[in-house]
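Trainee: sequence first, then the predicted structure:
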Amino acid sequence: RPSFNLIIGAMIFLNALWVGIEVELGPDGGPLDRIPWFLVDNLFAMTWLGEMAARQMAHGMDYFKDAWNCFDFVLVILAVVDTYIV
C-alpha cells in the first residue's frame with residue numbers, strides 16, 4: 001500500500017534525523033540521563049518490528065522470497081538487539 005510505505009518512509013527519515021541529533025546532543029552521563037533517548041529508540045524499534053510483522057502477515061512465508069524483505073528482517077533484528085540487549 002502506498003500510504004503504508006509513505007508512513008514507513010517518513011519514519012525512516014525521522015529515525016535518521018534522530019540518530020544525528022542523538023550523536024550531537026545526546027547526554028554523556030549515566031543511564032538516568034539517557035531515559036528520554038532510550039524511550040524514543042524504543043519507539044523506532046517497535047515501529048520497525050510492527051512494520052515487519054505487518055508485511056509478514058500480508059505476504060506469509062513469501063515475505064522471505066524478496067531480498068529487500070530479507071535485508072529488512074536483518075535490520076529489524078539488529079535494531080531490536082541494539083535497543084534491548086546492547
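Mentor: Sure thing, it's come through.
Trainee: show the pLDDT at residue 38.
Mentor: pLDDT for residue 38: 89.
Trainee: to clarify, my last question referred to residue 25.
Mentor: 88.
Trainee: residue 55 versus that one, what's the distance?
Mentor: Going from residue 25 to residue 55 by CB to CB, to the nearest Å gives 33 Å. Quick note: C-beta positions are derived from backbone N, CA and C, even for glycine.
Trainee: count the neighbours of residue 13 for me.
Mentor: Residues lying near residue 13 (other CB atoms under 10 Å) number 10.
Trainee: and the next element down the chain from the host helix or strand of it?
Mentor: Counting by DSSP states H and E, the element that carries residue 13 is helix 2-25. Moving toward the C-terminus from helix 2-25, the next helix or strand (DSSP H and E) is helix 35-59.
Trainee: residue 25 and residue 55 - which one has more neighbours?
Mentor: For residue 25 and residue 55, the more surrounded residue by other CB under 10 Å is residue 55, and the numbers stand at 16 against 8.
Trainee: look up the pLDDT of the nearest residue to the more buried one once chain neighbours are set aside for me, please.
Mentor: Of all residues not flanking residue 55 in the chain, residue 63 sits nearest, at 5.8 Å (CB to CB, 6 or more residues apart in numbering). Looking at residue 63, its pLDDT reads 95.
Trainee: how far away is residue 33 from residue 78?
Mentor: Per CB to CB, residue 33 is found 25 Å from residue 78.
Trainee: pLDDT score assigned to residue 85?
Mentor: Predicted confidence (pLDDT) for residue 85: 87.
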